[in-house]
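*Asks:* sequence and computational prediction follow.
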Amino acid sequence: MMRGAVLAVAFTGVPPDARGGVPRPSMSAPRMAHSSSSADAAAVGWGGSADAGSVPFRYSDKELERKLRFANGLAFLSGVADVATYSTAGCYASMMTGNTINFMSAVAANRLSDGLFFLAMVVNYVAGISGFRLLSLRKGLPAAALAPCILVLFAAVDGLMLSTASRWPLLLLALCFGYINALSSERTGIITCMVTGHFQKIGDLAANAATGPLSASQRRTALTSASIVLAFTLGVGTGSGLRRAALGPAALGATLRRVPTFTALGAAYAALLTWGDRAPESAPAPMATAGLASGVDPPAVER
C-alpha cells in the first residue's frame, strides 16, 4: 500500500486517501470531455475507452485510418450479404430490424412457419453476439481467431442449402453475423451493419454546420458516418449487380452461377478479419491527462 501511495503522489500529485490508499481526485482538475461520437470512441483503444486506473492513449492518425478502412470493409460486405440473403430467402443476414418486421408480419398473416424462421434468425443472431462476448473475455483474443470457423460455416450454408433445398441453413449465417457485428462494435466503436444511425448523425451535423463551423471531432464523425454509408451502399450495389449478372445468359452469368455465393462471402470475411488483426506499425502514444505531474513521464501502457 505504501508503494501504491508513492506512485499515486508521483503520477497524480494527489495524496492518497487515508482510508484505503486510493488517490483523492483533485477538485480543481478539469475533467476529460465525454464524447459519444463513434469516431472519438474509435480513437481511444479498440473499444473506445481506457481501463479504470490506466493512462488513456490515442492511436496515430495512420492507425485510425486503418481502423476506418476495416470498418468500411465490414460495411461493404454487410451490404453484399444482405442482398444475397434477401434475394435467396427474403431475410436479412445482419439487419435484425428487417427480420423482426418480417416475423410479426408473418404471425399477423398466420404464416407461422415463416414467423418461426424469422424469429430463429433473430435468436441465432443474439446467440452470436453472446458468443463473441464470452470469447472476448479471454484476454488478447484476436479478431481473426474464429475466421476459419466463419469460413467453414458460410461454406456449410451453401452445401446444406444445395442438398436440402431449404432456407433453414441460413440460421448459421445469423449466428456468424452476430459475432461479426459485435466484433465490429467492440473493436472499432462503429456500427457497420446498418446506416440509419449514421444518417441521423449526418443530419444532425449538417444542422450544426449551418449555425457555425464544426469542430475537428464533429468533422471526423461526419467523415466516419459518410464513409460507412457509402461503403454499405456500394456493397448493396455490388451484390445486386452480381445477382443480376448471375441470372443473365452470358458467359459471365454461367461462371457466377458456379461460384458458391456464401462460401465466397465467407472467404472475404475471413480475409478481412485476418487483415484487421495486423499489428500496428507504432505503439499508441499516451494522452496528456489532467492530474499528471509536470515533467514526469506517464507509465507505459499495456495493450
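*Replies:* Sure thing, it's come through. All of these numbers come straight from a predicted model, not from anything done at the bench. Numbering: from 1, shown residues only.

*Asks:* pull out the buried residues from stretch 221-237.
*Replies:* 221-222, 224-225, 227-229, 231-232, 235-236 (16 or more other Cβ atoms under 10 Å). In this view, the C-beta of every residue, glycine as well, is placed from N, C-alpha and C.

*Asks:* cool, and stretch 102-109?
*Replies:* Of the residues in stretch 102-109, 102-103, 106 count as buried by neighbour count, 16+ other Cβ under 10 Å.

*Asks:* give me the low-pLDDT residue ranges for the stretch 1-150 of the chain?
*Replies:* 1-60, 139-140 (pLDDT under 70).

*Asks:* now with 50?
*Replies:* Judged by pLDDT under 50, the stretch 1-150 of the chain has its weakly predicted residues at 1-58.

*Asks:* how many other residues sit next to Leu170?
*Replies:* As a burial measure, Leu170 scores 24 neighbours (other Cβ atoms under 10 Å).

*Asks:* for the host helix or strand of Asp204, which positions count as buried?
*Replies:* Assigned by DSSP states H and E, Asp204 falls within helix 196-211. Neighbour counts over helix 196-211 (16+ other Cβ under 10 Å) mark 198, 201-202, 205 as buried.

*Asks:* helices or strands up against it?
*Replies:* When contacts are defined as 3 or more Cβ pairs under 8 Å, 6 or more residues apart in numbering; DSSP states H and E, helix 196-211 sits against helix 216-246.

*Asks:* relative to helix 196-211, how tilted is the helix it packs on?
*Replies:* Interaxial angle, helix 216-246 versus helix 196-211 (axes from the mean of the first three to the mean of the last three Cα atoms, to 10 degrees): 140 degrees.

*Asks:* could you count how many residues lie near Ala144?
*Replies:* With other Cβ under 10 Å as criterion, Ala144 counts 18.

*Asks:* for Asn110, same thing?
*Replies:* Using other Cβ under 10 Å, Asn110 is surrounded by 8 other residues.

*Asks:* can you check Leu160 too?
*Replies:* Neighbour count of Leu160, defined by other Cβ under 10 Å: 17.

*Asks:* name the element it belongs to?
*Replies:* helix 147-164.

*Asks:* now distance to Leu171 and secondary structure too, for the buried residues of stretch 102-109, in JSON lines please.
*Replies:* Converted to JSON lines, the buried residues of stretch 102-109 look like this (distance: Cβ to Cβ, whole Å; DSSP: H, G, I helix; E, B strand; the rest coil):
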{"residue": "Asn102", "distance to Leu171": "14", "secondary structure": "helix"}
{"residue": "Phe103", "distance to Leu171": "14", "secondary structure": "helix"}
{"residue": "Ala106", "distance to Leu171": "16", "secondary structure": "helix"}
